[in-house]
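K.L.:
What follows is a predicted structure for the sequence shown.
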Amino acid sequence: MKKKYYLLSIILLNLFIVGCDTNDATFYKDVFITAPNLVRIETSPTGYYVNDKIYINCYIGRLLNVPNQNNLLDVRKSTGYAEKFSFSYLLEKKINATDWEIIDVNPTAIDVTSGSIFGGIFYYASAHFYPSSDGYEFRAGLPLTSSGEYRISFGYNSSSGQTIELRSESVNNNLFLNINTTEVNGNLDADGFYYFTVL
């Protein structure tokens, strides 16, 4: 009888171990898609000057066209009606021939016209859902307080270069939708930087 008990215990333990899902993305209910041109750097045709602002904006329509899919994806429904999609970016200024310093702007000086943003070592931007536009929107301008060479890059928390990673802020065990996107006008170079000069 003891042999049968031990044999049954070993079989059940093996079934439990084999049945465990060690894929973090599945465990945390992460879904990954690609949808181009959802984030834009608003470039200035006349250049940038001290006290100008450089704006970043993002728009994710509720119904999203995903490459290689026949039907539009209902972003709101698939995320359990997540209120936000978030992404991160950096603003840096060149301090010598090889080094850059991170620019941390006083939050009260940021011009936020939609969504929200938090500063620090990097900017954590959130595109909020607006029923009036039936989509998620973010737009904020960082003030340029001194002249010099600057650059913006996305993906402080990731290894992406030219890809910008947007993540739904889903709640209550709903799917987390991760959207890999690109900058609308292709302003990022091969290493994922947008360089500009402030006069």
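P.N.:
Yep, it's here. Residues are numbered from 1 along each chain as shown.
K.L.:
alpha carbons only for contacts and neighbour counts from here, please
P.N.:
OK.
K.L.:
what about residue 141, neighbour count?
P.N.:
The number of residues packed near residue 141 is 18, by other CA atoms under 10 Å.
K.L.:
Ok, residue 139 next?
P.N.:
With other CA under 10 Å as criterion, residue 139 counts 23.
K.L.:
Hmm, residue 152 and residue 94 touching each other?
P.N.:
No. When contacts are counted by CA atoms under 8 Å, residue 94 is not listed as touching residue 152 (11.4 Å).
K.L.:
Who has more neighbours out of the two?
P.N.:
Between residue 94 and residue 152, counting by other CA under 10 Å, residue 152 is the more crowded of the two (19 against 14).
K.L.:
Now that one: which helix or strand?
P.N.:
Assigned by DSSP states H and E, residue 152 falls within strand 148-154.
K.L.:
Show me where the chain has its helices.
P.N.:
2-19, 24-27, 75-78 (DSSP state H).
K.L.:
residues touching residue 191, list them.
P.N.:
The contact partners of residue 191, by CA atoms under 8 Å, 6 or more residues apart in numbering, come to 161, 162.
K.L.:
So for it, what's the pLDDT?
P.N.:
At residue 191, the model reports a pLDDT of 88.
K.L.:
Could you do the one 3 residues further on as well?
P.N.:
Residue 194 is assigned 95 on the pLDDT scale.
K.L.:
For the top strand by length along the chain, give the mean pLDDT please.
P.N.:
For the chain, the strand with the greatest residue count under DSSP state E is strand 84-94. Regarding strand 84-94, the rounded mean pLDDT is 96.
K.L.:
just the angle between that strand and strand 148-154, please?
P.N.:
Put simply, strand 84-94 runs at 150 degrees to strand 148-154, going by axes from the mean of the first three to the mean of the last three CA atoms, to 10 degrees.
K.L.:
Flag every buried residue along strand 84-94.
P.N.:
84, 85, 86, 87, 88, 89, 90, 91, 92, 93 (16 or more other CA atoms under 10 Å).
K.L.:
swap in stretch 121-132?
P.N.:
Buried residues in stretch 121-132 (16+ other CA under 10 Å): 122, 123, 124, 125, 126, 127, 128, 129, 130.
K.L.:
What of stretch 136-152?
P.N.:
Residues of stretch 136-152 classed as buried: 136-144, 149-152 (neighbour count, 16+ other CA under 10 Å).
K.L.:
excluding its backbone neighbours, what's nearest residue 161?
P.N.:
Excluding its sequence neighbours, the residue lying closest to residue 161 (CA to CA, 6 or more residues apart in numbering) is residue 192, at 4.4 Å.
K.L.:
And stretch 56-76, what's buried?
P.N.:
Across stretch 56-76, burial judged by 16+ other CA under 10 Å covers 56, 57, 58, 59, 60, 61, 62, 65, 75, 76.
K.L.:
How about the contacts made by the nearest residue to residue 111 once chain neighbours are set aside?
P.N.:
Spatial nearest neighbour of residue 111, excluding adjacent residues (CA to CA, 6+ apart): residue 141 at 4.9 Å. Residue 141 sits next to 53, 54, 55, 56, 110, 111, 112 when contact means CA under 8 Å, 6+ apart.
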